[in-house]
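>>> Build me a model from this:
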Amino acid sequence: MKKYLLTLVSISAAGGALAQSSLTMFGVVDAAVTYTQGSGAGAAHKTQLSNSGNMFSRLGFRGTEDLGGGYSANFWLEMGLQNDSALGFPSNSNNQASGNGTAGVLSFNRRSTVSLASAFGEVRLGRDYVPAFWNTAIFDPFGTGGGIGANQIYFSGLGGLVAPTGTRASNSIGYLLPASLGGFYGQVMYAMGENDSNSLLPNTLVSNRHDGDHTGARFGYQSGGLNIALATGRTRYASGDLRVTNLGAAYTFAPSLMNLKLTSELYKESKGSTDATGALIGLQLPIGPGEIKASYARYWLEPAGALLKPTSSKLAIGYVHNLSKRTALYATVARIGNSNGAAAALSGAITARNRASSGTEFGMRHMF
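Okay, here's the model as predicted:
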């Protein structure tokens, strides 16, 4: 009788496991030797073993269950890794600076969502990428990876890594259009700062109940070699709202032209009394088992009442050599020039105002 009961329990457990259509563990481990230098008074250079030079290192789990009738339930848990030091990244509890957590702790900071999908689209709940982030990630040949080729607009901006919602938002409710719309795609999002209804700014009678609330949308069209998308987002902060709008476009030529892909992005943002604008052009050119990447980006601040607009320009050229479908070696060189008081520098370096910063990077990336 005991054996019979154990058999029934085993069969029941197996049936429950089979109901899960798929469960995937995935990740990226990426490390590089990076040298960056600045110029001018007080300049500094650095040699380091860095991570995420080609793709952000990560570890994740995702799964889907077929509910029948065209419906599916999905989850996605993904954490960022600093594999050069075995550290993780903090998350954010309320889309405000005060909720950044503890640096170095492993958390599912990159994405933590559960969703219901059907022929009518997907409703997604949890911590997720904001719509405006996707244009920067998709239309820059180097993406938003942490290497020296990384997007100058994204890393220098008022948004980007500066604001808690520059890349992701916690406490979000999102909707994604279905894939069967003849090339049209889109995403809308609302994320909550989760403040008490009677909360006030310190030493004031001004309510901050909406501090950290985020709204965003992205709509695009892809057909043949053309891909174009417009995105916008707004985060309400007590210190001043952050608004981001960007337009990205790419065109991939026919295989007879070696699948050359040309990309571009226009970027506009504002926070308080400061506006900022950026523009980028780039290319991706497959060569045998590898790919050449290049981009030129220009970013400038527009402080209210200022006569000069601090401006930085970045040129990056890289090559990725695929040893297999999952493993690649890569090399990148980059240079940032500054004017009108700007002092942007490549990661690890310090440069004087109106001077340049340059660097080289050699690394290896493995996906699993």
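
>>> for the chain, which spans come out with low pLDDT?
1-20, 98-103, 157, 159-162, 201-206, 256-258 (pLDDT under 70).

>>> SS state for the closest residue to Asn259 other than its chain neighbours?
Leaving aside its chain neighbours, Asn259 sits nearest to Pro286 (5.2 Å; criterion: C-beta to C-beta, 6 or more residues apart in numbering). In this view, the C-beta of every residue, glycine as well, is placed from N, C-alpha and C. Secondary structure, DSSP: H, G, I helix; E, B strand; the rest coil: Pro286 is strand.

>>> Could you give the bridge partners of Pro286?
Note on Pro286: beta-bridge partners by DSSP bridges are Glu291.

>>> What's the local residue count around it?
15 (other C-beta atoms under 10 Å).

>>> Quick check, it in contact with Phe253.
No - Pro286 lies out of contact with Phe253 (C-beta atoms under 8 Å); the separation is 11.0 Å.

>>> Pull up the overlap in contacts between these two.
Residues within reach of Pro286 and of Phe253 at once, by C-beta atoms under 8 Å, 6 or more residues apart in numbering, are Asn259.

>>> Helices of this structure, start to end?
2-18, 131-139, 152-156 (DSSP state H).

>>> and the last one, what other elements does it pack with?
Spelled out, that is helix 152-156. strand 274-287, strand 290-303, strand 311-322 (3 or more C-beta pairs under 8 Å, 6 or more residues apart in numbering; DSSP states H and E).

>>> shouldn't Ala352 be in contact with Gly40?
Yes - the criterion here is C-beta under 8 Å, and Ala352 meets it with Gly40 at 2.7 Å.

>>> hmm, back to that, got the helices and strands packed on helix 152-156 as TSV, with distance to Thr165 columns?
TSV is the format used below for the helices and strands packed on helix 152-156 (distance: least, C-beta to C-beta, whole Å):
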stretch	distance to Thr165
strand 274-287	16
strand 290-303	19
strand 311-322	23
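
>>> Ok, which of the ones you listed comes nearest Asp84?
strand 311-322 (19.3 Å; C-beta to C-beta).

>>> Strand partners (parallel or antiparallel) of the closest one?
strand 290-303 (antiparallel), strand 327-339 (antiparallel).

>>> a markdown table for those, including distance to Asn54?
Listed next are those as a markdown table, based on distance: least, C-beta to C-beta, whole Å:
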| stretch | distance to Asn54 |
| --- | --- |
| strand 290-303 | 10 |
| strand 327-339 | 5 |
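
>>> okay, these in CSV with mean neighbour count next?
Below are the strands paired with strand 311-322 laid out as CSV (neighbours: other C-beta atoms under 10 Å):
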stretch, mean neighbour count
strand 290-303, 19
strand 327-339, 20
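
>>> closest one to Ser199 among those strands?
strand 290-303 (30.4 Å).

>>> gap between that closest one and the chain center?
Chain-centre distance of strand 290-303: 16 Å, with C-alpha atoms, centre = their mean, to the nearest Å.

>>> In the chain, which strand is the longest?
strand 22-37 (DSSP state E).

>>> How far away from the center of its chain is that strand?
For strand 22-37, the distance to the chain centre is 14 Å (C-alpha atoms, centre = their mean).

>>> Tell me which other helices or strands that strand touches.
For strand 22-37, the elements it packs on are strand 46-51, strand 58-68, strand 357-367, judged by 3+ C-beta pairs under 8 Å, 6+ apart.

>>> Given that strand, what are its sheet partners and their directions?
strand 46-51 (antiparallel), strand 58-68 (antiparallel), strand 357-367 (antiparallel).

>>> For the last one, list the C-alpha coordinates in PDB.
This points to strand 357-367. Taking C-alpha atoms only, strand 357-367 is exported to PDB below (Å, rounded to 0.1, in the frame of the first residue of the first chain):
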ATOM      1  CA  SER A 357      39.800  60.700 -22.700                       C
ATOM      2  CA  SER A 358      40.700  57.500 -24.600                       C
ATOM      3  CA  GLY A 359      40.900  53.800 -23.900                       C
ATOM      4  CA  THR A 360      41.300  50.200 -25.200                       C
ATOM      5  CA  GLU A 361      39.500  47.000 -24.200                       C
ATOM      6  CA  PHE A 362      40.100  43.300 -24.800                       C
ATOM      7  CA  GLY A 363      37.600  40.700 -23.500                       C
ATOM      8  CA  MET A 364      35.800  37.400 -23.700                       C
ATOM      9  CA  ARG A 365      32.000  36.800 -23.500                       C
ATOM     10  CA  HIS A 366      30.200  33.500 -23.000                       C
ATOM     11  CA  MET A 367      26.400  33.000 -23.100                       C
END
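
>>> Of all the residues in the longest strand of the chain, which ones are buried?
Using 16 or more other C-beta atoms under 10 Å as the test for burial, strand 22-37 gives 27-32, 34-37.

>>> How about residues contacting stretch 245-254?
132, 135-136, 138-139, 225-233, 259-269.

>>> Show me how to select, in ChimeraX, the buried members of those.
If you want just the buried ones from the contacts of stretch 245-254 in ChimeraX, going by 16+ other C-beta under 10 Å, the selection is:
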select :132,135,136,138,139,227,228,229,230,231,232,233,260,261,262,263,264,265,266,267,268,269
